[in-house]
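In: What would the 3D arrangement of this be:
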Amino acid sequence: MRRKFLKRALTLPLLPFVGQLPQRGFAADDGDDERARSVLGKADRIRTPQQGFQVEVTISTTAPGESGDVRRYRILSKGNENTIVQVTEPVAERGQILLMKGRDLWIFMPSVSQPIRLALSQRLTGQVANGDLARANFTGDYAPKILRTDTVGSNEYYVLELAAIDRSVTYHRVILWVEQANFWPRRAEFYSLSNRLLKTARYENFKQTLGMQRPTRLVLEDALRKGEESVLEYSGYKQRDLPDRIFTKDYLQRLQ
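Out: Numbering: from 1, shown residues only. Model (predicted):
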């Protein structure tokens, strides 16, 4: 079981504004770092609740010529620095748990006595890296700057470049489109250490959830293999009082 998981583990997105190309505005001033941090912080608070919460995630992965794959997870998260990801389907992998504290990530498997250290950038399933589920914290992982503004139809967007603060984060560089009117994240591109575009993302299906409109669908598309994508559907959000003690390696086995 351990070998099978690690093999899969070792390997968000582009919004196709259909029929429209962005009209690019003037580049932002180099000294606009404070505004960039403010925009990114507001977008992060929309992407992920800051209080303790629970959510169910269904990941559907498709690729040309292959049968689809569906996996389900339960996420318990507190403040973007403490996260537990429990596998609920497939049944054969139920009981596997990811624990994130800061940027440290471990997996607990019933067949292995000790938790195993993993990288946030390792593949979880399909186009989804461990960090895509376990750590949705752009503000804590990247130094942002405003590259420019884009106009798509009647909407204005900040285009942020996010540079990784170190090599432990999920992606080396991210380009993020954020609506100026409401700070909704809409589109992202994710790059490797060699500056190769890995995948693109779309944030969709915004719904009123835990106090604000949030995206409940994330579409991740492989940048090199056309037609390969993973769709993450978030449902059943609920606020939870999550004590710090559950986010420890010693507590993982009790959560089965």
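In: for the lengthiest helix in the chain, packing partners?
Out: Scanning the chain for the helix with the most residues, using DSSP state H, yields helix 33-47. Helix 33-47 is packed against helix 138-141, strand 142-152, strand 155-164, strand 173-179, strand 185-191, strand 212-222, with contacts defined by 3 or more Cβ pairs under 8 Å, 6 or more residues apart in numbering; DSSP states H and E. C-betas here are computed from N, CA, C, even on glycine.
In: what residues does the shortest one touch?
Out: Outside of helix 138-141, the residues that reach it under the criterion Cβ atoms under 8 Å, 6 or more residues apart in numbering are 37, 40-41, 43-44, 47, 80-81, 103, 135, 144, 162, 164-165, 169-170, 174, 176.
In: swap in stretch 244-252?
Out: 76, 78, 82, 83, 84, 97, 99, 101, 106, 108, 115, 255.
In: ok, the second one to residue 214 distance?
Out: Distance from residue 78 to residue 214, counting by Cβ to Cβ, to the nearest Å: 17 Å.
In: Spatially nearest residue to residue 102 (excluding sequence neighbours)?
Out: Nearest residue to residue 102, sequence neighbours excluded (Cβ to Cβ, 6 or more residues apart in numbering): residue 81, at 5.7 Å.
In: Any chance of TSV for the helices and strands packed on helix 33-47, columns distance to residue 131, mean neighbour count and mean pLDDT?
Out: As requested, these are exported to TSV (distance: least, Cβ to Cβ, whole Å; neighbours: other Cβ atoms under 10 Å; pLDDT from 0 to 100):
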stretch	distance to residue 131	mean neighbour count	mean pLDDT
helix 138-141	8	20	94
strand 142-152	12	18	94
strand 155-164	11	20	96
strand 173-179	11	22	97
strand 185-191	10	23	97
strand 212-222	12	19	97
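In: Now do the phi/psi pair for the closest residue to residue 227 other than its chain neighbours.
Out: Spatial nearest neighbour of residue 227, excluding adjacent residues (Cβ to Cβ, 6+ apart): residue 64 at 4.4 Å. Phi and psi for residue 64, reported as degrees, to the nearest 10, are phi -60, psi 130.
In: Repeat that for residue 80.
Out: The phi/psi pair for residue 80 (degrees, to the nearest 10) is phi 70, psi 0.
In: Verify the stated contact: it with residue 50.
Out: Yes. Between residue 80 and residue 50 there is a contact under Cβ atoms under 8 Å: 6.9 Å.
In: ok, these two, which is more surrounded?
Out: Comparing residue 80 with residue 50 by other Cβ atoms under 10 Å, the one with more neighbours is residue 80, at 21 against 13.
In: now that one: how far from residue 36?
Out: 18 Å.
In: and what of residue 175?
Out: Distance, residue 175 to residue 36, by Cβ to Cβ: 13 Å.
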